[in-house]
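Engineer: Here is a sequence together with a model predicted from it:
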Amino acid sequence: MKRIAFKTLGCKVNQYETQAIRERLLEAGFNEVKGPADVYVINTCTVTHRADADSRRFIRVARKENPNSTIIVTGCYVELDKEEIQKIADNLLIIKNSDKNKILQYLVKDSKQGTARDAISRFEGRTKAFVKIQDGCDNFCSYCKVPLVRGRSRSRQPEEVMKEIAALISNNYKEVVLCGICLGDWGRDIGLELSSLLREIEDGIKGEFRVRLSSIEPWYVTSDLLQTIGDSKRICHHLHIPMQSGDDDILGRMNRNFKAADFLSLINRSRSVMPQVAFTTDILIGFPREGERHFNNTVNMVESTRPSRVHIFPFSMRKGTPAELFSEDVIPTEVINERASRLRAITDRLAIEYKTQFIGRHLRVLVETERDKRSGLLTGFTDTYIKTAFQGPDELKGQFAHLTLTNANSYDILAPHLSRLDTPVISQEYNRV
């Protein structure tokens with residue numbers, strides 16, 4: 001029985017695809033190990049220079065662990081940088097994204113399983129299961145390499161999605177996260193809309209579970225989608241909508257066809273439907289020609305929209321993107337770091353302000369399967385993505401519990417939100433649902 005190890009970099013879609021590969025290979029008799037292994041599957045990412053470097057590093061680690069192993073390199077980094085990857089070692093099997101489902105055939109020449117379709121029944125090591133419903137992107141933001149390596153937008157059929165979610169729920173997963181390279185574009189190529197799929201999931205699948213949306217671009221957040229989420233008892237009141245910048249000049253150079261005022265209007269409309277919705281976002285710092293005025297407009301937009309969590313990341317020049325033409329206008333690293341630090345102080349404050357409104361309130365939490373490593377406490381997330389930490393037995397892992405939030409700190413602090421029970425059933429710390 002051959003030993004196999006997996007390493008995944010990047011987005012939820014990549015993590016989903018690794019799980020699909022894992023299930024097929026384990027079914028074929030491979031034995032998963034952490035390493036050393038006879039076969040390594042490295043699912044790469046190329047969204048930033050750092051992702052490229054990490055991908056190369058993991059290839060070298062695998063080669064060092066077992067020089068005689070078969071190392072499969074797949075994912076987004078291989079699409080445009082195959083020659084660079086081949087320089088690392090001779091024993092690499094490089095497989096494009098479109099051929100990920102053929103990995104078993106590459107490893108077992110007489111395999112009778114044929115081409116595997118994307119489908120999972122569990123999600124290794126996770127409380128929540130990611131479900132890929134869409135692939136590719138048609139937006140072509142000027143800084144982004146992803147459309148070049150993932151291709152045009154395409155949707156999975158709703159019956160496939162429904163079948164997969166039902167299987168995961170039957171295997172006791174309590175939360176499914178719908179994800180895609182461009183999630184909001186789901187259905188356009190098959191004459192449907194994301195809101196219709198959500199209603200079908202709400203009405204058509206039985207069991208105790210909730211649904212969360214991963215990142216969705218602002219131009220896909222329609223009034224119908226907002227109302228569908230607002231009316232739902234299953235769909236988390238949490239919207240991750242990338243802002244990237246709060247300045248119209250920079251947004252234009254990014255090729256994001258959305259004005260700052262439109263973004264503010266969207267967030268206000270979201271809150272009119274769901275007053276306590278968790279709005280989280282991404283902000284790109286240091287896009288070429290971003291001056292202090294442009295950055296201050298982003299700061300003002302953050303203050304106006306009051307996100308509960310922000311992913312701040314520096315601009316990374318990607319080969320082959322339109323932004324490569326702006327190379328003479330690159331912002332110095334020290335300026336980017338200073339701006340990121342300044343913005344992070346604001347977003348940390350806003351995160352606390354959002355959570356403070358829930359202190360003393362009864363919250364439903366999905367308990368994670370792993371305890372916090374430093375404190376030993378159980379942890380879990382509310383549907384509005386507030387992280388909680390509390391005392392309780394292992395039998396709560398993977399289950400829903402009701403807690404009362406007693407304080408709210410910055411989410412950057414490990415296991416920050418201590419909670420206790422109103423009416424304990426098993427201990428003084430929690431109330432199992």
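Structural biologist: On my side now, so go ahead.
Engineer: The residue nearest to Thr305 when sequence neighbours are not counted is in what secondary structure piece?
Structural biologist: Sequence neighbours aside, Ile267 is the residue nearest to Thr305 in space, at 4.5 Å (criterion: CB to CB, 6 or more residues apart in numbering). Backbone N, C-alpha and C define where each C-beta goes, glycine included. Ile267 belongs to helix 260-273 when assigned by DSSP states H and E.
Engineer: swap in Ile283?
Structural biologist: Secondary structure assigned from DSSP H and E places Ile283 in strand 278-285.
Engineer: Check which element follows that strand along the chain.
Structural biologist: Using DSSP H and E, the helix or strand that directly follows strand 278-285 along the chain is helix 292-305.
Engineer: So which elements touch that following helix?
Structural biologist: helix 248-253, helix 260-273, strand 278-285, helix 333-356 (3 or more CB pairs under 8 Å, 6 or more residues apart in numbering; DSSP states H and E).
Engineer: nearest to Ser98, of these?
Structural biologist: The stretch from those with the least distance to Ser98 (CB to CB) is strand 278-285; that distance is 26.9 Å.
Engineer: neighbouring contacts of that closest one?
Structural biologist: The contact list for strand 278-285 (CB atoms under 8 Å, 6 or more residues apart in numbering) reads 143, 215, 236-245, 254, 267, 270-271, 295, 298, 302, 305-315, 336, 339-340, 343, 354, 384-386.
Engineer: Tell me the buried residues within these.
Structural biologist: In terms of neighbour count (16 or more other CB atoms under 10 Å), the buried residues within the contacts of strand 278-285 are 143, 215, 236-245, 254, 267, 270, 295, 298, 302, 305, 307-310, 312-315, 336, 339-340, 343, 354, 384-386.
Engineer: For Phe381, what are phi and psi?
Structural biologist: phi -120, psi 140 (degrees, to the nearest 10).
Engineer: Touching, it and Leu363? I think so.
Structural biologist: No - counting by CB atoms under 8 Å, Phe381 sits too far from Leu363 to count as a contact (9.8 Å).
Engineer: pLDDT of the strand holding Ile283, averaged?
Structural biologist: The pLDDT scores in strand 278-285 average 98.
Engineer: list the buried ones in that strand?
Structural biologist: For strand 278-285, a neighbour-count test (16+ other CB under 10 Å) marks Ala278, Phe279, Thr280, Thr281, Ile283, Leu284, Ile285 as buried.
Engineer: Next: stretch 340-351.
Structural biologist: Neighbour-count burial for stretch 340-351, counted by 16+ other CB under 10 Å, picks out Ala340, Leu343, Arg344, Thr347, Asp348, Leu350, Ala351.
Engineer: For the spatially closest residue to Gln399 that is not a sequence neighbour, give me the pLDDT.
Structural biologist: Take Gln399 and drop its neighbours on the chain: the residue closest to it by CB to CB, 6+ apart is Val367, 5.7 Å away. In the predicted model, Val367 carries a pLDDT score of 96.
Engineer: is it true that Val367 touches Gly392?
Structural biologist: Yes - taking CB under 8 Å as the definition, Val367 is a contact partner of Gly392 at 7.4 Å.
Engineer: so what sits against both of the two?
Structural biologist: In the contact map built from CB under 8 Å, 6+ apart, the residues linked to both Val367 and Gly392 are Leu378, Ala401.
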